[in-house]
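Participant: Next comes the sequence, and after it the predicted model I'd like to discuss.
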There are 2 protein chains.
Amino acid sequence: MCAVSHDKAYEIRPATADDWPGIWAVMEPVIREGETFTWDRDTDEDTAHAKWMKEAPGQAFVAVRTGDGVVLGTGEFHANQGGGGSHVANAGYMVGPQYSGQGVARALCAYSLKEARAAGFRSMQFNAVVESNVRAVWLWQSMGFRILATVPEAFNHPEIGYVGLHVMYQELSSP
Amino acid sequence: MCAVSHDKAYEIRPATADDWPGIWAVMEPVIREGETFTWDRDTDEDTAHAKWMKEAPGQAFVAVRTGDGVVLGTGEFHANQGGGGSHVANAGYMVGPQYSGQGVARALCAYSLKEARAAGFRSMQFNAVVESNVRAVWLWQSMGFRILATVPEAFNHPEIGYVGLHVMYQELSSP
(Lines give C-alpha, C1' and ligand atoms only; values in the text may rest on other atoms or scores of the structure.)
Protein backbone atom coordinates (compact mmCIF):
# COMPACT_ATOMS: atom_id res chain seq x y z
CA MET A 1 0.00 0.00 0.00
CA CYS A 2 1.33 3.38 -0.97
CA ALA A 3 -1.37 5.58 0.51
CA VAL A 4 -0.80 5.72 4.24
CA SER A 5 -3.20 8.12 5.86
CA HIS A 6 -1.23 10.67 7.82
CA ASP A 7 -3.68 10.68 10.66
CA LYS A 8 -3.02 6.99 11.18
CA ALA A 9 0.74 7.05 10.60
CA TYR A 10 1.35 9.12 13.75
CA GLU A 11 -0.45 10.91 16.49
CA ILE A 12 0.23 14.24 18.19
CA ARG A 13 -0.04 14.34 21.97
CA PRO A 14 1.46 16.13 25.00
CA ALA A 15 5.04 15.10 25.71
CA THR A 16 5.81 13.05 28.80
CA ALA A 17 9.09 12.68 30.66
CA ASP A 18 9.58 9.32 28.95
CA ASP A 19 9.52 11.00 25.54
CA TRP A 20 12.63 13.05 26.21
CA PRO A 21 15.24 10.69 24.66
CA GLY A 22 13.18 10.58 21.47
CA ILE A 23 12.65 14.35 21.53
CA TRP A 24 16.36 14.98 21.99
CA ALA A 25 17.15 12.61 19.10
CA VAL A 26 15.02 14.86 16.90
CA MET A 27 16.29 18.15 18.36
CA GLU A 28 20.02 17.58 18.53
CA PRO A 29 20.77 17.45 14.77
CA VAL A 30 18.53 20.48 14.17
CA ILE A 31 20.35 22.47 16.86
CA ARG A 32 23.81 21.35 15.76
CA GLU A 33 23.08 22.23 12.12
CA GLY A 34 22.18 25.78 13.17
CA GLU A 35 20.33 26.68 9.99
CA THR A 36 16.76 27.09 11.23
CA PHE A 37 16.81 27.81 14.97
CA THR A 38 18.36 30.73 16.84
CA TRP A 39 19.80 28.44 19.48
CA ASP A 40 23.47 28.17 20.31
CA ARG A 41 24.70 25.26 18.22
CA ASP A 42 26.50 23.69 21.18
CA THR A 43 23.44 23.78 23.46
CA ASP A 44 23.71 20.78 25.78
CA GLU A 45 20.94 18.33 26.51
CA ASP A 46 20.02 19.69 29.95
CA THR A 47 19.72 23.23 28.63
CA ALA A 48 17.63 22.03 25.71
CA HIS A 49 15.36 20.14 28.09
CA ALA A 50 14.84 23.23 30.23
CA LYS A 51 14.12 25.39 27.19
CA TRP A 52 11.78 22.98 25.42
CA MET A 53 9.64 21.22 28.05
CA LYS A 54 7.06 23.89 28.83
CA GLU A 55 4.54 24.01 31.64
CA ALA A 56 0.90 25.10 31.46
CA PRO A 57 -0.45 27.27 29.97
CA GLY A 58 2.36 26.30 27.60
CA GLN A 59 2.93 22.74 26.45
CA ALA A 60 5.55 20.54 24.83
CA PHE A 61 4.16 17.90 22.49
CA VAL A 62 5.29 15.13 20.21
CA ALA A 63 4.37 13.41 16.97
CA VAL A 64 4.80 9.70 17.66
CA ARG A 65 4.63 6.98 15.05
CA THR A 66 1.72 4.60 15.36
CA GLY A 67 2.79 1.17 16.48
CA ASP A 68 6.36 1.67 17.65
CA GLY A 69 5.99 5.10 19.29
CA VAL A 70 9.09 6.58 17.67
CA VAL A 71 9.20 10.39 18.05
CA LEU A 72 9.08 11.85 14.53
CA GLY A 73 8.84 15.46 15.60
CA THR A 74 8.18 17.76 18.52
CA GLY A 75 6.83 21.19 19.27
CA GLU A 76 6.17 23.55 22.13
CA PHE A 77 4.23 26.71 22.78
CA HIS A 78 4.39 29.21 25.62
CA ALA A 79 3.64 32.87 26.38
CA ASN A 80 5.83 35.02 24.13
CA GLN A 81 6.07 37.75 26.78
CA GLY A 82 5.13 38.13 30.43
CA GLY A 83 2.75 40.55 32.10
CA GLY A 84 0.58 42.46 29.65
CA GLY A 85 1.97 40.40 26.78
CA SER A 86 1.13 36.97 28.14
CA HIS A 87 -1.93 36.39 25.95
CA VAL A 88 0.25 36.00 22.84
CA ALA A 89 1.73 32.56 22.31
CA ASN A 90 5.05 31.73 20.73
CA ALA A 91 5.77 28.28 19.35
CA GLY A 92 8.52 26.18 17.83
CA TYR A 93 8.62 22.86 15.99
CA MET A 94 11.31 20.40 15.01
CA VAL A 95 10.97 17.33 12.80
CA GLY A 96 13.61 14.65 12.38
CA PRO A 97 15.19 15.18 8.93
CA GLN A 98 14.58 11.52 8.11
CA TYR A 99 10.84 11.96 8.78
CA SER A 100 10.18 14.93 6.51
CA GLY A 101 7.56 14.76 3.77
CA GLN A 102 4.88 13.18 5.95
CA GLY A 103 3.18 16.40 6.94
CA VAL A 104 4.53 16.22 10.48
CA ALA A 105 5.45 19.91 10.74
CA ARG A 106 2.02 20.92 9.49
CA ALA A 107 0.32 18.59 11.94
CA LEU A 108 2.45 19.88 14.84
CA CYS A 109 1.59 23.47 13.93
CA ALA A 110 -2.12 22.71 13.62
CA TYR A 111 -2.05 21.01 17.02
CA SER A 112 -0.31 24.00 18.61
CA LEU A 113 -2.83 26.46 17.20
CA LYS A 114 -5.74 24.43 18.57
CA GLU A 115 -4.14 23.80 21.96
CA ALA A 116 -2.89 27.35 22.42
CA ARG A 117 -6.34 28.68 21.68
CA ALA A 118 -7.84 26.20 24.15
CA ALA A 119 -5.30 27.37 26.76
CA GLY A 120 -6.60 30.94 26.36
CA PHE A 121 -4.00 32.51 24.08
CA ARG A 122 -5.48 35.11 21.71
CA SER A 123 -2.82 35.01 19.01
CA MET A 124 0.43 33.34 18.05
CA GLN A 125 3.65 35.08 17.10
CA PHE A 126 6.88 33.66 15.70
CA ASN A 127 9.82 35.94 16.53
CA ALA A 128 12.54 34.53 14.35
CA VAL A 129 11.66 32.50 11.26
CA VAL A 130 14.83 32.21 9.18
CA GLU A 131 14.15 33.80 5.81
CA SER A 132 16.14 31.15 3.93
CA ASN A 133 14.04 28.37 5.46
CA VAL A 134 11.60 28.85 2.61
CA ARG A 135 9.72 25.60 3.10
CA ALA A 136 8.88 26.61 6.66
CA VAL A 137 7.95 30.17 5.69
CA TRP A 138 5.62 28.84 3.00
CA LEU A 139 4.16 26.28 5.38
CA TRP A 140 3.43 28.80 8.13
CA GLN A 141 1.85 31.12 5.58
CA SER A 142 -0.36 28.29 4.39
CA MET A 143 -1.36 27.77 8.03
CA GLY A 144 -2.58 31.36 8.36
CA PHE A 145 0.54 33.19 9.53
CA ARG A 146 1.49 36.43 7.88
CA ILE A 147 4.88 38.13 7.83
CA LEU A 148 4.64 41.32 9.91
CA ALA A 149 8.28 42.28 9.42
CA THR A 150 11.64 40.94 8.37
CA VAL A 151 14.50 41.99 10.61
CA PRO A 152 17.32 42.57 8.15
CA GLU A 153 20.41 40.37 8.38
CA ALA A 154 19.35 39.19 11.81
CA PHE A 155 20.50 35.59 11.23
CA ASN A 156 23.97 34.45 10.27
CA HIS A 157 23.36 31.24 8.35
CA PRO A 158 26.35 28.85 8.58
CA GLU A 159 26.40 28.36 4.81
CA ILE A 160 24.85 31.39 3.14
CA GLY A 161 25.64 34.16 5.61
CA TYR A 162 23.36 36.94 6.76
CA VAL A 163 19.66 36.54 6.04
CA GLY A 164 16.57 38.10 7.58
CA LEU A 165 14.40 36.84 10.41
CA HIS A 166 10.67 37.04 9.84
CA VAL A 167 8.25 38.04 12.56
CA MET A 168 5.10 36.06 11.76
CA TYR A 169 1.68 36.27 13.37
CA GLN A 170 -1.91 35.17 13.37
CA GLU A 171 -4.95 35.67 15.54
CA LEU A 172 -6.34 32.52 17.10
CA SER A 173 -9.96 32.44 16.06
CA SER A 174 -12.64 30.93 18.27
CA PRO A 175 -13.01 27.15 18.04
CA MET B 1 21.59 78.00 39.26
CA CYS B 2 18.88 76.62 37.02
CA ALA B 3 21.00 75.26 34.21
CA VAL B 4 22.50 72.02 35.38
CA SER B 5 24.42 70.37 32.60
CA HIS B 6 23.12 66.83 32.12
CA ASP B 7 26.54 65.38 31.63
CA LYS B 8 27.51 66.62 35.06
CA ALA B 9 24.25 65.79 36.85
CA TYR B 10 24.78 62.04 36.45
CA GLU B 11 27.07 59.53 34.86
CA ILE B 12 26.36 56.25 33.08
CA ARG B 13 28.56 53.31 33.97
CA PRO B 14 28.43 49.50 34.22
CA ALA B 15 26.38 48.27 37.18
CA THR B 16 28.11 46.65 40.12
CA ALA B 17 26.69 44.27 42.70
CA ASP B 18 26.48 47.20 45.13
CA ASP B 19 24.16 49.05 42.77
CA TRP B 20 21.42 46.44 43.00
CA PRO B 21 19.34 48.02 45.81
CA GLY B 22 19.27 51.28 43.88
CA ILE B 23 18.46 49.48 40.64
CA TRP B 24 15.62 47.56 42.26
CA ALA B 25 14.24 50.80 43.72
CA VAL B 26 13.98 52.08 40.16
CA MET B 27 12.69 48.83 38.66
CA GLU B 28 10.08 47.76 41.17
CA PRO B 29 7.52 50.55 40.58
CA VAL B 30 7.93 50.22 36.81
CA ILE B 31 7.30 46.45 36.99
CA ARG B 32 4.39 46.78 39.45
CA GLU B 33 2.71 49.43 37.28
CA GLY B 34 2.82 47.06 34.29
CA GLU B 35 2.24 49.73 31.67
CA THR B 36 5.54 49.73 29.79
CA PHE B 37 7.28 46.38 30.33
CA THR B 38 6.11 42.88 29.39
CA TRP B 39 7.16 41.49 32.74
CA ASP B 40 4.84 39.77 35.17
CA ARG B 41 3.72 42.51 37.54
CA ASP B 42 4.43 40.39 40.60
CA THR B 43 8.01 39.56 39.54
CA ASP B 44 10.04 39.17 42.74
CA GLU B 45 13.39 40.77 43.42
CA ASP B 46 15.50 37.63 42.84
CA THR B 47 13.86 36.95 39.49
CA ALA B 48 14.30 40.57 38.46
CA HIS B 49 17.97 40.42 39.43
CA ALA B 50 18.50 37.29 37.33
CA LYS B 51 16.71 38.82 34.35
CA TRP B 52 18.37 42.23 34.47
CA MET B 53 22.03 41.76 35.48
CA LYS B 54 23.59 40.63 32.21
CA GLU B 55 27.01 39.17 31.60
CA ALA B 56 29.40 39.96 28.72
CA PRO B 57 28.93 40.47 25.85
CA GLY B 58 25.79 41.91 27.44
CA GLN B 59 25.88 44.48 30.21
CA ALA B 60 23.72 46.02 32.90
CA PHE B 61 24.39 49.68 33.55
CA VAL B 62 23.20 52.55 35.69
CA ALA B 63 22.75 56.29 35.61
CA VAL B 64 24.01 57.51 38.98
CA ARG B 65 23.61 61.02 40.28
CA THR B 66 26.82 62.95 40.68
CA GLY B 67 27.72 63.49 44.30
CA ASP B 68 25.43 61.12 46.18
CA GLY B 69 25.48 58.19 43.74
CA VAL B 70 21.71 57.69 43.78
CA VAL B 71 20.59 55.40 40.93
CA LEU B 72 18.31 57.47 38.67
CA GLY B 73 17.87 54.85 35.99
CA THR B 74 19.20 51.58 34.67
CA GLY B 75 19.51 49.67 31.45
CA GLU B 76 20.78 46.40 30.07
CA PHE B 77 21.61 44.89 26.71
CA HIS B 78 22.17 41.31 25.65
CA ALA B 79 21.97 39.08 22.57
CA ASN B 80 18.36 39.03 21.39
CA GLN B 81 18.67 35.44 20.13
CA GLY B 82 21.24 32.67 20.38
CA GLY B 83 23.21 30.88 17.67
CA GLY B 84 22.94 32.55 14.27
CA GLY B 85 20.99 35.43 15.82
CA SER B 86 23.51 36.39 18.48
CA HIS B 87 24.89 39.45 16.66
CA VAL B 88 21.66 41.39 17.23
CA ALA B 89 21.35 43.09 20.60
CA ASN B 90 18.21 43.67 22.57
CA ALA B 91 18.04 46.31 25.30
CA GLY B 92 15.79 47.70 27.99
CA TYR B 93 15.81 50.83 30.13
CA MET B 94 14.01 51.97 33.25
CA VAL B 95 14.09 55.40 34.85
CA GLY B 96 12.70 56.24 38.26
CA PRO B 97 9.46 58.19 37.69
CA GLN B 98 10.70 60.91 40.04
CA TYR B 99 13.80 61.38 37.87
CA SER B 100 12.13 61.88 34.51
CA GLY B 101 12.74 65.00 32.44
CA GLN B 102 16.52 64.97 32.87
CA GLY B 103 17.30 63.10 29.68
CA VAL B 104 18.22 59.95 31.60
CA ALA B 105 16.44 57.53 29.25
CA ARG B 106 18.09 59.12 26.23
CA ALA B 107 21.50 58.96 27.88
CA LEU B 108 20.97 55.30 28.84
CA CYS B 109 19.97 54.44 25.28
CA ALA B 110 22.93 56.30 23.78
CA TYR B 111 25.26 54.48 26.17
CA SER B 112 23.80 51.10 25.20
CA LEU B 113 24.17 51.78 21.48
CA LYS B 114 27.82 52.70 21.93
CA GLU B 115 28.63 49.82 24.28
CA ALA B 116 26.72 47.21 22.27
CA ARG B 117 28.56 48.25 19.13
CA ALA B 118 31.87 48.06 21.02
CA ALA B 119 30.92 44.56 22.21
CA GLY B 120 30.53 43.47 18.58
CA PHE B 121 26.78 43.61 18.06
CA ARG B 122 25.79 44.63 14.53
CA SER B 123 22.31 45.93 15.25
CA MET B 124 19.83 46.49 18.04
CA GLN B 125 16.24 45.29 18.11
CA PHE B 126 13.46 46.05 20.56
CA ASN B 127 10.87 43.27 20.57
CA ALA B 128 8.05 44.82 22.52
CA VAL B 129 7.73 48.60 22.76
CA VAL B 130 4.26 49.35 24.09
CA GLU B 131 2.43 51.42 21.48
CA SER B 132 0.75 53.61 24.10
CA ASN B 133 4.14 54.52 25.62
CA VAL B 134 4.33 57.34 23.11
CA ARG B 135 7.13 59.23 24.81
CA ALA B 136 9.36 56.18 24.59
CA VAL B 137 8.38 55.43 20.98
CA TRP B 138 9.18 58.99 20.02
CA LEU B 139 12.46 58.92 21.94
CA TRP B 140 13.66 55.69 20.36
CA GLN B 141 12.74 57.01 16.93
CA SER B 142 14.76 60.15 17.62
CA MET B 143 17.67 57.86 18.57
CA GLY B 144 17.61 56.16 15.15
CA PHE B 145 15.22 53.26 15.73
CA ARG B 146 12.52 52.60 13.20
CA ILE B 147 9.31 50.64 13.66
CA LEU B 148 9.55 47.44 11.61
CA ALA B 149 6.16 46.13 12.66
CA THR B 150 3.43 46.55 15.23
CA VAL B 151 2.08 43.29 16.59
CA PRO B 152 -1.63 44.01 16.93
CA GLU B 153 -3.20 43.94 20.39
CA ALA B 154 -0.14 42.18 21.75
CA PHE B 155 -0.17 44.11 25.05
CA ASN B 156 -2.99 44.31 27.54
CA HIS B 157 -2.50 47.69 29.20
CA PRO B 158 -3.91 47.76 32.75
CA GLU B 159 -5.80 50.98 32.07
CA ILE B 160 -6.51 51.23 28.36
CA GLY B 161 -6.70 47.59 27.32
CA TYR B 162 -5.24 46.01 24.22
CA VAL B 163 -2.62 48.01 22.33
CA GLY B 164 0.10 47.00 19.90
CA LEU B 165 3.72 46.13 20.55
CA HIS B 166 6.24 47.71 18.23
CA VAL B 167 9.26 45.83 16.92
CA MET B 168 11.92 48.54 16.56
CA TYR B 169 15.35 48.27 15.02
CA GLN B 170 18.53 50.03 13.98
CA GLU B 171 21.88 49.06 12.56
CA LEU B 172 24.85 49.90 14.77
CA SER B 173 27.11 51.95 12.59
CA SER B 174 30.87 51.87 12.95
CA PRO B 175 32.26 54.16 15.64
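Facilitator: Structure's in. What do you need? Not measured: the values here are computed from a predicted model.
Participant: hey, let's count contacts and neighbours off CA atoms from now on
Facilitator: Noted.
Participant: Now stretch A:115-126: buried residues?
Facilitator: Neighbour counts over stretch A:115-126 (16 or more other Cα atoms under 10 Å in any protein chain shown) mark A:115-117, A:119, A:121-126 as buried.
Participant: Show me which pair in the residues you listed is furthest apart.
Facilitator: A:A119 and A:F126 (17.6 Å; Cα to Cα).
Participant: A:T74: what's it in contact with?
Facilitator: Residues near A:T74 by Cα atoms under 8 Å, 6 or more residues apart in numbering or on different chains: A:23, A:26, A:60-63, A:93-95, A:108.
Participant: Tell me the residues of chain A that contact chain B?
Facilitator: A:34-35, A:37-41, A:81-88, A:148-151, A:154-158, A:169 (Cα under 8 Å from any Cα of the partner chain).
Participant: what sits against A:V30?
Facilitator: Applying Cα under 8 Å, 6+ apart, the residues near A:V30 are A:36-37, A:94, A:96.
Participant: Need the three-state assignment for it.
Facilitator: Secondary structure for A:V30, judged by DSSP: H, G, I helix; E, B strand; the rest coil, is helix.
Participant: Count the neighbours of A:E171 for me.
Facilitator: Per other Cα atoms under 10 Å in any protein chain shown, the neighbour tally for A:E171 reads 17.
Participant: Please state the backbone phi and psi of it?
Facilitator: phi -70, psi 150 (degrees, to the nearest 10).
Participant: Which pLDDT value belongs to the closest residue to it other than its chain neighbours?
Facilitator: Using Cα to Cα, 6 or more residues apart in numbering or on different chains and skipping the chain neighbours, the partner closest in space to A:E171 is A:S123 (4.1 Å). pLDDT recorded at A:S123 is 98.
Participant: about what we covered before: ranking the contacts of A:V30 by neighbours, who comes first?
Facilitator: Using other Cα under 10 Å as the neighbour criterion, A:F37 leads the contacts of A:V30 with 25 neighbours.
Participant: Okay, and it sits in which element?
Facilitator: Using DSSP states H and E, A:F37 sits in no helix or strand.
Participant: Could I get the contacting residues of it?
Facilitator: Counting by Cα under 8 Å, 6+ apart, A:F37 touches A:30-31, A:128-130, B:83-84.
Participant: Now for chain A, the helix or strand with the poorest mean pLDDT.
Facilitator: helix A:6-9 (a mean of 64; mean pLDDT, DSSP states H and E).
Participant: Distance of A:Y111 relative to chain B?
Facilitator: 22 Å (Cα to the nearest Cα, to the nearest Å).
Participant: Please consider this matter closed, and thank you.
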